[in-house]
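> Structure of the sequence below:
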Amino acid sequence: MKLRDSLILIVLSLGFSWLILQTTPAVQGTTTLKQSTVVDITKPQDTIHSVKGKKALFIGDSHTAFDFGWQHQVATKTGMSYLNTAVGGKQTTWMLETAKQNINSGFDYCFIYGGANDMAGNRAPIKAVRNIQRIVDLCKIHNVKAVVVTGFDPLTCVKVGSRKAYREYPQRYARFQQLLIDSIHGAEVIKTHCISRTDCGDFLCHMTASGHKKMAAKIISDLHFQKI
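As a prediction, the model looks like this:
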């Protein structure tokens with residue numbers, strides 16, 4: 001009887017070991033699945049992409065009209081050709097008419113940076129925002145990617161001093177920028193508060209070379225453009 005009991009125990013032990021070996025691949029398979037899941041969560045929007053050979057349109061006022069300014073640097077550093085229609089002193093109503101005349105399917109991108117003159121002229125921020133939205137809508141019709149630039153932080157960069165006519169300008173401009181961020185749809189809105197007061201050439205912060213360089217770098221980075 002003792003010999004038979006021993007044989008039974010040996011057989012049971014071998015059977016139990018076999019079951020453990022059979023379940024081992026399932027554990028390894030689970031580990032492999034978890035590793036695959038980690039790889040799959042990569043964010044595609046963070047991928048740097050080339051825009052070399054693309055064509056860009058720039059619409060704006062004096063902040064975009066500067067020779068070799070941010071607009072020139074964004075285009076040349078990424079290999080795009082461009083048309084700059086910006087004119088100093090112009091408001092968003094003029095920008096909208098310029099957009100109607102120039103936006104077409106031949107462009108890949110349209111960069112829109114305006115509103116400073118509207119705000120300096122006591123225009124209601126929402127009216128200027130609606131003009132910007134109409135420009136964005138035109139871009140959508142022609143399959144052009146719209147990029148709206150807010151500009152520098154007026155609360156830190158604009159220094160009106162004793163100029164009473166500009167007393168409300170920084171706050172009004174800041175409200176306009178926030179409306180752009182909150183309400184513009186169909187476009188990439190880039191908050192370019194990377195400019196400091198030392199990058200301003202006058203009390204209204206028309207940027208110096210350092211300001212244009214910072215703004216160009218911010219836009220290229222936020223859009224994940226590849227430099228050439």
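> Check the separation of the first and last residues in stretch 140-149.
In stretch 140-149, first residue to last residue: 17 Å (CA to CA, to the nearest Å).
> Any buried residues in that stretch, and which?
144, 145, 146, 147, 148, 149 (16 or more other CB atoms under 10 Å). Heads up, the C-betas are built off the backbone N, CA and C, glycines and all.
> Flag every buried residue along the one helix or strand residue 221 maps to.
In this assignment (DSSP states H and E), residue 221 forms part of helix 209-222. Of the residues in helix 209-222, 211, 212, 214, 215, 216, 217, 218, 219, 220, 222 count as buried by neighbour count, 16+ other CB under 10 Å.
> Then stretch 74-88?
74, 75, 77, 78, 80, 82, 84, 85, 86.
> Mind pulling the model confidence for the first one?
Read it as residue 74. Listed pLDDT for residue 74 reads 98.
> is it true that it touches residue 84?
No - using CB atoms under 8 Å, residue 74 is not in contact with residue 84; the gap is 10.7 Å.
> hey, where'd the strands end up in this structure?
55-60, 81-84, 109-113, 145-149, 187-190 (DSSP state E).
> Turn these into CSV, including distance to residue 173 and mean pLDDT.
Output for the strands of the chain, formatted as CSV (distance: least, CB to CB, whole Å; pLDDT from 0 to 100):
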stretch, distance to residue 173, mean pLDDT
strand 55-60, 15, 98
strand 81-84, 22, 98
strand 109-113, 13, 98
strand 145-149, 13, 98
strand 187-190, 15, 98
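> Tabulate the ones you listed in CSV, adding columns for distance to residue 92.
Output for the strands of the chain, formatted as CSV (distance: least, CB to CB, whole Å):
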stretch, distance to residue 92
strand 55-60, 9
strand 81-84, 17
strand 109-113, 9
strand 145-149, 11
strand 187-190, 14
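> which stretch among those comes nearest residue 172?
strand 109-113 (17.0 Å; CB to CB).
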